[in-house]
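Q: coords please:
(chains A and B)
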Amino acid sequence: MTVFLLRRLLQAGGVVLVMSLLVFVGVFAIGDPVEILISPEADQIERERAVKALGLDLPLWQQYLVFLGKALQGDLGRSFVFNEPALQLILQRMPATLELALGATLAALVIGLPLGLYAGLRPHSPVSRGIMATSILGFSLPTFWVGLMLIMVFAVQLGWLPSTGRGETVEILGTRWSFLTRDGLAHMAMPALNLALFKISLVIRLTRAGVRETMLMDYVKFARAKGLSPSRVTFVHVFKNILIPVVTVVGLEFGGTIAFSVVTESVFAWPGMGKLIIDSINVLDRPVMVAYLMIIVLLFITINLLVDITYSVLDPRVRLEGKS
Amino acid sequence: MSLPAVAAPGGPTLEVRNLRTHFFTRAGVVKAVDDVSFTVERGKVMGLVGESGSGKTVTGFSIIGLVDPPGRITGGQVLFQGTDLASLSEAEMRNLRGNRIAMIFQDPMMTLNPVLRIDTQMIETVQAHARVSREEARQRARDALGQVGIPSPDERLRAYPHQFSGGMRQRVAIAIALLHKPELIIADEPTTALDVTIQGQILAEAQKLCAQFGTALIWITHDLSVVAGLADDIAVMYAGKVVESGEVGAVLDAPLHPYTAGLIGSVPSRNRRGAPLSQIPGMTPSLLNLPAGCAFRARCPRAESRCAEPPPFAEYLPGRHARCIHPYIEEAVRA
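A: Residues are numbered from 1 along each chain as shown, chains lettered A, B, ... in the order given. The predicted structure follows:
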């Protein structure tokens, strides 16, 4: 286990390094922030002073080395726009996005697993067909449209739920969280559901396919031949076998939601990281973009590691590399 | 819940009468089991023999009540110690399964759940039928493992199936079948996937257990040599029907049905060295929309026009039935 973790850590370092280079060059290629940041009325001397202050006068490779050197000390640069450390800027917004993504993923599991299980166990019942047909909608309806419809129905027509913002928050360890207050939860409900819709459909389909496949296995028939109750066969013998694909996909989806829930955050004016990155791209705020992408890379590496560890818990045949 | 007291003490453990199990598929009705009858006495071994697709396995699943849709038992009776199993509710059947009727499957690599430890899979079986503590259940599981010859059972209980070899897994499956000392065990080709030496050990084990507990055993196989060594009685299946049944020695020495004769002739050791192996020409017919009459007639050396009529399952010699209108009676009488 230790050897496995060490090796993964080294690999992660390599991935981060390569990503940082790609991101740095990529962001550099998008455009020159000077044009946007410095007022057009500024004269040549002011421009040059500003460019020098931002460190944009150095050649690209020097800029990159400076960035790397600072990054090693935990400094991912200062935002051109807010004049605050980029990292701090992102971490401030992170709880909002994190709780939204967690809420959505939780909803996907709580709703998706039982429905998928039912559809897998009774594939020919009308209810199952209904579930599967609805899941296609979950896949194909565009997020922004569903978000707008949710606001139309639940905020405008029925007036049950607030349409924008995070609502009341509670401060824990210096960060603000919505999910601990009633008002915050009410604010979270619609955006989380909106994000969850696609994931619910995904979990339903994965679970159903897994159940259908596993039910045909000899060990399920053998379990029945042992005289076990149907619930024991389903929830112990079948369920544990279908969790592996579900864990994989839900893990990756979770990362994706944290990184790219831009649309939902915009529709519901949720002050998360997604809105920050879009705003930053608009004004070519390079340090924020780079820092953001670096954090996302780290996030995915961490999630993949957790997924791998979960595998070894779920399936005894999976041995983590290096654990002889 | 419990069945009525055991019928007559001398009565057979299992009596299958005219059992029919059909599969209703889109392409048509597959008569996987079509008029199968046999009897298994207490402590006896019944060899159920036939080629792949002859309906042996479906017969086994029909007895234990695990035929999955689109299959359905459409006729006949399965009498377990005098009780018609069709009259039992699903809960009563479940109480019987793994408790008084146990089953062992063909492929030991597939019968144990790969993600559950052996102790989990054994203890749940004990607790499904007996109100005992976990500790007591573990004791019984350990004893059962020891009984089938698994060394250091305490340790092995904590292992996962993939840490066992095929032969060891089959022993675990047999141990699970033995947990409640069932009156009947249905073994579906349990040694087919194993080495010959392991097969021999498991056969000896099975024989010992039958004698010890008076367990009746249905041994489903396509291997006549296994049946010859193990079984007391034999039933030969072809295309969903029992075509011949009787005492194993008598049937193997002088078969009545041409198909049985062909099967015996196909065993390589019975042929002379250097001589071409004898074989049954053709292949098993599709069970889908099988024509009336004897299903074997297209491959039979004795076929004639009368074979297009369904032949009766008649007792030609005392205790010996065959489904054929021109059996090898003279040969059998001479033998």
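
Q: In space, what's closest to residue 198 - neighbours in sequence excluded?
A: In the absence of a named chain, this looks at chain A. Leaving aside its sequence neighbours, residue A:198 sits nearest to residue A:138 (C-beta to C-beta, 6 or more residues apart in numbering or on different chains; 5.9 Å). To be clear about C-beta, it is placed using only N, CA and C from the backbone, and glycine gets the same treatment.

Q: That was the other one, I meant chain B.
A: Going by C-beta to C-beta, 6+ apart, residue B:198 has residue B:167 as its nearest residue, at 3.7 Å.

Q: How many residues are close by that neighbour?
A: 18 (other C-beta atoms under 10 Å in any protein chain shown).

Q: From residue B:196, how far out is it?
A: As judged by C-beta to C-beta, to the nearest Å, residue B:167 and residue B:196 stand 11 Å apart.

Q: pLDDT weak spots in the chain?
A: The chain I'm using is chain A. A:174, A:319-324 (pLDDT under 70).

Q: wrong one, I was asking about chain B
A: Using pLDDT under 70, the flagged stretches of chain B are B:1-10, B:269-273, B:335.

Q: Do a quick rundown of the strands in it.
A: B:14-25, B:28-40, B:45-49, B:71-80, B:83-84, B:101-104, B:184-188, B:216-221, B:233-238, B:241-247, B:314-317, B:320-322 (DSSP state E).

Q: possible to save those as CSV with distance to chain A and mean neighbour count?
A: Written out in CSV, the entries for those read as follows (distance: least, C-beta to the nearest C-beta, whole Å; neighbours: other C-beta atoms under 10 Å in any protein chain shown):
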stretch, distance to chain A, mean neighbour count
strand B:14-25, 13, 18
strand B:28-40, 16, 21
strand B:45-49, 17, 27
strand B:71-80, 13, 18
strand B:83-84, 16, 14
strand B:101-104, 4, 28
strand B:184-188, 9, 24
strand B:216-221, 13, 25
strand B:233-238, 21, 26
strand B:241-247, 23, 25
strand B:314-317, 33, 14
strand B:320-322, 29, 24
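
Q: Switch these over to CSV; also include distance to residue B:205.
A: What follows is the strands of chain B, written out as CSV (distance: least, C-beta to C-beta, whole Å):
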stretch, distance to residue B:205
strand B:14-25, 21
strand B:28-40, 19
strand B:45-49, 13
strand B:71-80, 24
strand B:83-84, 29
strand B:101-104, 11
strand B:184-188, 11
strand B:216-221, 11
strand B:233-238, 20
strand B:241-247, 24
strand B:314-317, 33
strand B:320-322, 30
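
Q: What segments of the stretch 201-335 of chain B are helices?
A: For the stretch 201-335 of chain B, applying DSSP state H, counting those that start in this stretch gives helices covering B:224-230, B:248-253, B:258-266, B:329-334.

Q: Find the one among the ones you listed with the highest mean neighbour count.
A: helix B:258-266 (a mean of 21; mean count of other C-beta atoms under 10 Å in any protein chain shown).

Q: For the stretch 201-324 of chain A, which residues are neighbours of chain B?
A: A:217-219, A:221-229, A:232, A:236-237, A:240-241, A:314-317 (C-beta under 8 Å from any C-beta of the partner chain).

Q: neighbours of the closest residue to residue B:327 other than its chain neighbours, just the number please.
A: Excluding its sequence neighbours, the residue lying closest to residue B:327 (C-beta to C-beta, 6+ apart) is residue B:256, at 3.8 Å. By other C-beta under 10 Å, 28 other residues sit near residue B:256.

Q: thought residue B:256 was touching residue B:244?
A: Yes: judged on C-beta atoms under 8 Å, residue B:256 makes contact with residue B:244 at a distance of 5.6 Å.

Q: what residues do the two have in common as contacts?
A: Common neighbours of residue B:256 and residue B:244, counting by C-beta atoms under 8 Å, 6 or more residues apart in numbering or on different chains, are B:320, B:322, B:324.

Q: Just list the residues touching residue A:138, thanks.
A: Here residue A:138 is in contact with A:197-198, A:200-201, A:204 (C-beta under 8 Å, 6+ apart).

Q: Assign it to helix, strand or coil.
A: helix (DSSP: H, G, I helix; E, B strand; the rest coil).

Q: Outline the domain layout of chain A.
A: A:2-72, A:86-311 (automatic domain parsing).

Q: Please identify the deepest-packed of those.
A: By mean count of other C-beta under 10 Å, those have domain A:86-311 as the most buried, with a mean of 19.

Q: Any idea how far that domain is from the middle of the chain?
A: 9 Å (C-alpha atoms, centre = their mean, to the nearest Å).

Q: Around residue B:125, how many other residues sit close by?
A: 28.

Q: Hmm, residue B:179 and it touching each other?
A: Yes: counting by C-beta under 8 Å, residue B:179 is a contact partner of residue B:125 at 5.4 Å.

Q: Next, give phi and psi for residue A:170.
A: Residue A:170 has phi and psi values of phi -120, psi 140 when expressed as degrees, to the nearest 10.

Q: give me the beta-bridge partners of it?
A: Note on residue A:170: beta-bridge partners by DSSP bridges are residue A:177.

Q: show me what contacts it?
A: Contacts of residue A:170 (C-beta under 8 Å, 6+ apart): A:176-177, A:180-181, A:184.

Q: could you redo the last one with a cut-off of 10 Å?
A: In this structure, residue A:170 makes contact with A:176-181, A:184, judged by C-beta atoms under 10 Å, 6 or more residues apart in numbering or on different chains.

Q: Is it correct that residue B:292 is in contact with residue B:34?
A: No: under the criterion of C-beta atoms under 10 Å, residue B:292 is not in contact with residue B:34, lying 11.3 Å apart.

Q: tell me, how many neighbours does the closest residue to residue B:99 other than its chain neighbours end up with?
A: Once flanking residues are discounted, residue B:99 sits nearest to residue B:129: 4.1 Å by C-beta to C-beta, 6+ apart. For residue B:129, the count of nearby residues is 19 (other C-beta under 10 Å).

Q: need the contact list for residue B:129.
A: Taking C-beta under 10 Å, 6+ apart, one finds A:226-228, B:94-100, B:179-180 in contact with residue B:129.

Q: hey, where'd the helices end up in the stretch 101-250 of chain A?
A: Here the stretch 101-250 of chain A has its helices, by DSSP H, counting those that start in this stretch, at A:126-140, A:143-150, A:182-215, A:218-225, A:230-232, A:239-260.

Q: can you list residues touching both of residue B:125 and residue B:179?
A: In contact with both residue B:125 and residue B:179: A:226, B:98-99, B:102, B:137, B:140-141, B:144, using C-beta under 10 Å, 6+ apart.

Q: Spell out which two among these are the most distant pair, please.
A: B:102 and B:137 (16.4 Å; C-beta to C-beta).

Q: returning to that earlier point: reformat the shared contacts of residue B:256 and residue B:244 as TSV; add distance to residue A:151.
A: Converted to TSV, the shared contacts of residue B:256 and residue B:244 look like this (distance: C-beta to C-beta, whole Å):
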residue	distance to residue A:151
B:320	82
B:322	79
B:324	79
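
Q: now the end-to-end length of stretch B:319-334.
A: 16 Å (C-alpha to C-alpha, to the nearest Å).

Q: And it, how far out from the chain middle?
A: 24 Å.

Q: again, but for stretch B:39-51
A: 7 Å.

Q: show me what contacts residue A:48?
A: A:42, A:57.

Q: can you give me the end-to-end distance of stretch B:232-251?
A: Note: stretch B:232-251 ends 11 Å apart using C-alpha to C-alpha.

Q: list the contacts for residue B:166?
A: With C-beta under 10 Å, 6+ apart, residue B:166 has these contacts: B:107-109, B:193-195, B:198.

Q: May I see these arranged in JSON lines, with neighbour count as well?
A: Shown next, in JSON lines, are those (neighbours: other C-beta atoms under 10 Å in any protein chain shown):
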{"residue": "B:107", "neighbour count": "16"}
{"residue": "B:108", "neighbour count": "27"}
{"residue": "B:109", "neighbour count": "17"}
{"residue": "B:193", "neighbour count": "18"}
{"residue": "B:194", "neighbour count": "18"}
{"residue": "B:195", "neighbour count": "12"}
{"residue": "B:198", "neighbour count": "18"}
